[in-house]
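Chemist: the following comprises the amino acid sequence and a computationally predicted model.
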Amino acid sequence: MSKVEIFDPALCCPTGVCGPSVDPKLTRLAAAVFTLEKKGFEIKRYNLGIEPIKFVENQKVNQILHDKGPDALPVVVVNDEIVKVGDYPSNEELANWFDIEESELSMKKPKIRLDVKFAK
């Protein structure tokens, strides 16, 4: 089974899905990570602003930061190997790494039925 770690740049919160303007990539990624965690897969995100020690402990990520600086983030590590630098994984990539269907990671809008009754 794959182990995926995503080393984020310094974000305002652990997911980056906050504030007045949210990057759609971060929203998609947060939903995919949540879904994968619920399914029991090993996927972790580390935020440079909140967990800098994780960036120091991982020698490969630390080397990228020394060579390229924080603009190289995010860095994606799969089974202790760097597979992506400077961009987040797509749902297709995540599905391949965890051997699941990409459709399992798609955000589905809930179907909510409202039964509105007006008082007479």
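Modeler: Cool, the structure landed.
Chemist: at the geometric centre of this protein, which residue sits there?
Modeler: Geometric centre of the chain, nearest residue: Leu29, 4.2 Å, by Cα atoms, centre = their mean.
Chemist: can you show me the helices along this protein?
Modeler: Here the chain has its helices, by DSSP state H, at 24-38, 52-57, 59-68, 91-98.
Chemist: tell me the buried residues in the shortest one?
Modeler: Read that as helix 52-57. Under the neighbour-count criterion of 16 or more other Cβ atoms under 10 Å, helix 52-57 has 54-55 buried. From N, CA and C alone the C-beta is placed, and that goes for glycine too.
Chemist: send me the lowest-mean-pLDDT helix or strand in the chain as CSV with only the CA atoms.
Modeler: Every helix and strand of the chain was ranked by mean pLDDT, DSSP states H and E. The lowest is helix 24-38, at a mean of 91. Coordinates of each C-alpha in helix 24-38 appear next as CSV, following Å, rounded to 0.1, in the frame of the first residue of the first chain:
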residue,chain,number,x,y,z
PRO,A,24,-9.7,25.5,-6.1
LYS,A,25,-6.7,23.1,-6.2
LEU,A,26,-6.6,23.3,-2.4
THR,A,27,-10.3,22.7,-2.1
ARG,A,28,-10.1,19.6,-4.4
LEU,A,29,-7.0,18.3,-2.6
ALA,A,30,-8.6,18.8,0.9
ALA,A,31,-11.6,16.8,-0.3
ALA,A,32,-9.5,14.1,-1.8
VAL,A,33,-7.3,13.8,1.3
PHE,A,34,-10.4,13.6,3.5
THR,A,35,-11.9,10.9,1.4
LEU,A,36,-8.7,8.9,1.3
GLU,A,37,-8.2,9.1,5.1
LYS,A,38,-11.8,8.0,5.6
